[in-house]
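> for reference, the sequence and a predicted model appear below.
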Amino acid sequence: MRTGEPLPDVGDVLAALATGLWHWDTATGEVTVDAVAARLLGLSAQQVTLTEAQVRSRLHPVDWNEITGVIQLAVAEGTLAEVRIRIMDERGHVVRVVRSRSKPSFDPLRKAYELTGTLQEVTEPTPGSRAGRSAVTGDWRRSREAFLLDAGRALAEARSTEEVLRVAAALSMPGFTPDGLAVFGVSGDRLTVIGHHGQPEPEVNPFLDMSLDTDYPAAEVARTGRAVYLSSPQQYRSRYPMTWHLAERFGRRSWAYLPLTVAGRTMGAWLAAFAYPVTFTPDERSVLTTVARMLAQALTRAGAAETQRELTDGVQRSMLPVLGPDIPGMDIAARYVPTGGGLQVGGDWYDMIPLPGERFAIVIGDVQGHDVRAAALMGQLRIALRAYASEGHRPDAVLSRASHFFHGLTQSDDDPGDMRFATCYYAEVDPATGTVESARAGHLDPVVRMADGTALILATAGGLPLGIDPDTDYPTTRLALEPGDTLMLCTDGLVETGGHDLQTGWHRLRVILEDHEGGLEDLADALVQAVHGPSSHHTTGPLADRREDDIALLLLCRQGEGCGCGDSTVARPTVRRTMLSVAQAEPARVATARQHLRDLLHDWPDEDQRDAAVLLLSEMLTNVLVHTDTDALLVAEVAGEPGERRIRVEVTDNGDDLPHKRRPGEMASSGRGLMLIELLADAWGVAPRGKGKSIWYEVYESADPAADGPADGSAAA
């Protein structure tokens, strides 16, 4: 080539140097290689475009994994990516070793890497030799630092001993990778196997219970705290002739036994065994020693965490009751799930208390806080509640005494700034009649799933949480469980976990309650899974803080048609019913009654009919509170098959005066109630009820007012 002549084509120069070109775009997943690069990959010597899978099938699997790490590191550092790659044939044999150099770039818009590089064959050194110990991924120091960073991060994230061992088995060290690993521990004067990888399970039996005085490398490391490196079988046999036969069967060529040391104490030993000779240079020993230290720290953290979880879980479980023997006509299920993070013990609890006769009490509550003190207060409060209930007190008296007890318990604490309170729901159940008499102290209202699957929140009277005011009164609410009804009690963790508030959390649970068709135990699992399982991460609530709390759940079912207890398929009945009392001193419960009726009619197709039914209910209840001195009892029932259903609403009071229709003037403020009922209801009436009366109305889903004409209230009465 003469001076001034144009330079030859780059491709011709590279071909003359037996160097191939390749281009890889991870967005399309295609790799384009020229003729030289194709030949080096073991393909026909012609330019071709391959898929990532086709290229990967020609490379050693370990090298493919290392390529990904080198590319990411090169992009982060802005340097060249250099890697040695072993090319495999169809039988899995290494046919050649090539070196690739490239300048990778990352496109943030496509979120893809793009590389153009060269491929050149190199001579592969013998494994275990000085040349063979050069880093597969280029510069030894950079590869070692990247490996140690990845290993440290992976071991730090492991939360259990099993995870630590799995991470250790997956470590791919730069330039030399063991094919057998074992972690030994010390128990008294015995050497034990904590975990292993690369050895069949029966072959580990001789190592399971070995004395520390045994002439075995791991035992010596555990005794002395000094590492043992064995570069050849001959060296192993000469140093440990008594136990050489234990290692001989595995066919390994080199062994490294490293002490697992934490805070100056040797807790065991780590074995890294190699299928080829390794001379253990200072650099290799440095990597092994660093990994052993990280492994020891990870095992210590995992062991401490497992011990703490076992202790706290045992404490919490010991405080939770066994639900006791089967109750005739009733089915019960309960769950407790610690989800608040940190210390896995808190103040949530549930209980079931036998009472005289066939009756029993159910309790659920939550002591403020998520720490050991909350758990301790919860245990004392639970015992006090059982004592008061066993004395035969009514629900209101049980909570009043418990509040006085809890107030004195927290007031006597040495730290007045750490005052605690507790929410609680206490109910006595008569399984023969399904009657539930309850009192509530700042807790969530109970939920009932009716026999037809409709789920409603039952408004119950309540008072302040326990411990705030020792003289608080707790009014009693009486409920009736119909055959097939299921009562759900829970702490706020079931509703609010995952960033939900009370409203969105209730909507999430309502879907599970109404759609579930299995037994009670399956329903309990489904409710917890909806909140605590993987699917819950895709239905996060509107709150940015992603609040989480412990979960306590108690389900009580009165067996009957539609409850699903013990059945795989639920046959839903066609009747749903709700009952609510509205006292003279509680006019705000009129709004609660309206919401109850709306919930009862949640699937009613005609919105106008639904609004009319709610309006008439509000009018009837208001008339009782305004024109009588008595309380009102609401009974609402939906019956029939979809498309032909009817809603019947009946309000009963103890007043003597029967309502009658009037024609109020334009300026009158009352007297239009019966006119509204006559106008909006399909049927209505007034009936004496001994001392008192009841007024009722019905709305038909399939009603045709034009065909039927207006309802005649006097005939119905």
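Here it is on my side, so go on.

> which SSE is the nearest residue to Ser618 once chain neighbours are set aside in?
Distances taken as Cβ to Cβ, 6 or more residues apart in numbering put Arg594 closest to Ser618, at 5.6 Å, once the chain neighbours are dropped. For every residue, glycine as well, the C-beta is placed using N, CA and C. Using DSSP states H and E, the element containing Arg594 is helix 589-600.

> which element follows that helix toward the C-terminus?
Downstream of helix 589-600, the next assigned helix or strand under DSSP H and E is helix 607-627.

> show me what the helix or strand just after that next one is packed against.
On the C-terminal side of helix 607-627, the nearest following helix or strand under DSSP H and E is strand 632-639. Secondary-structure packing of strand 632-639 (3 or more Cβ pairs under 8 Å, 6 or more residues apart in numbering; DSSP states H and E): strand 575-582, helix 589-600, helix 607-627, strand 646-653.

> and the ones you listed, which one is worst for confidence?
Of all these, mean pLDDT reaches its minimum on strand 575-582 (a mean of 79).

> sheet partners, orientation included, of that strand?
Here strand 575-582 is paired, per DSSP bridges, with strand 632-639 (antiparallel).

> who touches the strand it pairs with?
Residues from elsewhere that reach strand 632-639 (Cβ atoms under 8 Å, 6 or more residues apart in numbering): 574-582, 593, 596-597, 600-601, 604, 617, 620-621, 624-625, 645-653.

> with stretch 600-617 instead?
Contacts of stretch 600-617 (Cβ under 8 Å, 6+ apart): 454, 456, 576, 578, 593-594, 597-598, 634, 636, 638, 642, 645, 647, 649, 651, 676-677, 680-681, 697, 699, 701.

> ok, stretch 580-596 next?
Here stretch 580-596 has contacts from 456-459, 461, 477-478, 578, 614, 617-618, 621-622, 624-625, 629-634, 636, using Cβ under 8 Å, 6+ apart.

> any of the residues you listed buried? List them.
Neighbour counting by 16 or more other Cβ atoms under 10 Å classes 456-459, 461, 477, 578, 614, 617, 621-622, 624-625, 630-634, 636 among the contacts of stretch 580-596 as buried.

> do you know the pLDDT at Gly29?
At Gly29, pLDDT is 89.

> same question for the one 5 residues further on.
Residue-level confidence at Asp34 comes out at 91, pLDDT.

> hmm, it is touching Thr19, no?
No: if you go by Cβ atoms under 8 Å, Asp34 and Thr19 don't touch, sitting 9.6 Å apart.

> before we move on, the earlier item: just the buried ones from the contacts of strand 632-639, in ChimeraX syntax?
Filtering the contacts of strand 632-639 down to the buried ones (16+ other Cβ under 10 Å) takes a single ChimeraX command:
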select :575,576,577,578,579,580,582,593,596,597,600,601,604,617,620,621,624,625,645,646,647,648,649,650,651,652,653
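
> point out where the stretch 151-300 of the chain drops to low pLDDT.
The stretch 151-300 of the chain contains residues with pLDDT under 70 at 172, 174-176, 198-208.

> hey, where'd the strands end up in it?
Taking DSSP state E, counting those that start in this stretch as the test, the strands found in the stretch 151-300 of the chain are 180-187, 190-197, 210-211, 228-230, 254-262, 265-274.

> angle of the longest one against strand 180-187?
Computed by axes from the mean of the first three to the mean of the last three Cα atoms, to 10 degrees, the angle separating strand 265-274 from strand 180-187 equals 160 degrees.

> could you say what helices and strands strand 265-274 packs with?
Applying 3+ Cβ pairs under 8 Å, 6+ apart, one finds that strand 265-274 contacts strand 180-187, helix 217-224, strand 254-262, helix 282-319.

> got CSV for the ones you listed, with mean neighbour count too?
Shown next, in CSV, are the helices and strands packed on strand 265-274 (neighbours: other Cβ atoms under 10 Å):
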stretch, mean neighbour count
strand 180-187, 20
helix 217-224, 21
strand 254-262, 23
helix 282-319, 16
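
> so for Arg440, which of those sits nearest?
Among the helices and strands packed on strand 265-274, helix 282-319 comes nearest to Arg440, with 21.9 Å by Cβ to Cβ.

> how near is Ser160 to Pro338?
In this structure, Ser160 and Pro338 are 16 Å apart, going by Cβ to Cβ, to the nearest Å.

> which one's more surrounded, those two?
Higher neighbour count among Ser160 and Pro338: Pro338, with 22 against 14, using other Cβ atoms under 10 Å.

> wait, that one sits on Asp549?
No: the criterion here is Cβ under 8 Å, and Pro338 misses it with Asp549 at 9.4 Å.

> for the stretch 301-450 of the chain, what spans make up the strands?
330-337, 348-354, 360-367, 422-430, 435-441, 447-449.

> so who does the residue nearest to Val511 when sequence neighbours are not counted touch?
Distances taken as Cβ to Cβ, 6+ apart place Ala530 nearest to Val511, at 8.0 Å, with adjacent residues excluded. Applying Cβ under 8 Å, 6+ apart, we find Ala530 in contact with Arg508, Leu509, Val511, Ile512, Ser536.

> of all those, which comes closest to Leu258?
Ser536 (42.3 Å).

> burial measure for His443, as a count.
Neighbour tally, His443, other Cβ under 10 Å: 25.

> for it, list the residues it contacts.
Ile364, Gly365, Asp366, Thr423, Cys424, Tyr425, Gly462, Pro465, Thr491.

> any idea which of those residues the model trusts least?
Ranked by pLDDT, the contacts of His443 bottom out at Gly462 (87).

> tell me the contacts of it?
Gly462 sits next to Ala439, Arg440, Ala441, Gly442, His443, Tyr474, Pro475 when contact means Cβ under 8 Å, 6+ apart.

> quick one: the second one and Thr460 touch, right?
This means Arg440. Yes: in this structure, Arg440 is within contact of Thr460 by Cβ under 8 Å, at 5.1 Å.

> and for the two, which residues touch both?
Taking Cβ under 8 Å, 6+ apart as the criterion, Arg440 and Thr460 both touch Thr477.

> residue nearest the centroid of the chain?
What sits nearest the mean C-alpha location of the chain, by Cα atoms, centre = their mean, is His532, with 3.0 Å.

> just the pLDDT at that one, thanks.
What the model reports for His532 is a pLDDT of 78.

> all helices of the stretch 51-200 of the chain, in order?
Applying DSSP state H, counting those that start in this stretch to the stretch 51-200 of the chain gives helices spanning 52-56, 61-77, 140-157, 161-170.

> returning to that earlier point: and the helix holding Arg594 with strand 646-653, angle?
Per the same axes, to 10 degrees, the angle that helix 589-600 makes with strand 646-653 is 160 degrees.

> could you pull out the helices for the stretch 401-550 of the chain?
Going by DSSP H, counting those that start in this stretch, the stretch 401-550 of the chain shows helices at 492-496, 502-515, 520-532.

> buried residues of the second one, list them for me.
Applying a neighbour-count criterion of 16+ other Cβ under 10 Å, one finds Thr504, Gly505, Trp506, Arg508, Leu509, Arg510, Ile512, Leu513 buried in helix 502-515.

> can you put the helices and strands packed on strand 265-274 in CSV and add distance to Leu50?
Formatted as CSV, the helices and strands packed on strand 265-274 follow (distance: least, Cβ to Cβ, whole Å):
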stretch, distance to Leu50
strand 180-187, 35
helix 217-224, 47
strand 254-262, 37
helix 282-319, 35
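
> and Trp24, which of those is closest to it?
Among the helices and strands packed on strand 265-274, the nearest to Trp24 by Cβ to Cβ is helix 282-319 (29.7 Å).

> the closest one packs against which elements?
helix 140-157, helix 161-170, strand 254-262, strand 265-274, helix 372-390.

> ok, which of the ones you listed comes nearest Ile332?
Of all those, helix 372-390 sits nearest to Ile332, with 16.4 Å by Cβ to Cβ.

> quick one: which of the helices and strands packed on strand 632-639 is nearest Pro282?
Distance to Pro282, taken as Cβ to Cβ, is lowest for helix 589-600 among the helices and strands packed on strand 632-639, at 74.8 Å.

> could you check the angle helix 502-515 makes with the closest one?
Using the same axes, to 10 degrees: helix 589-600 against helix 502-515 is 40 degrees.
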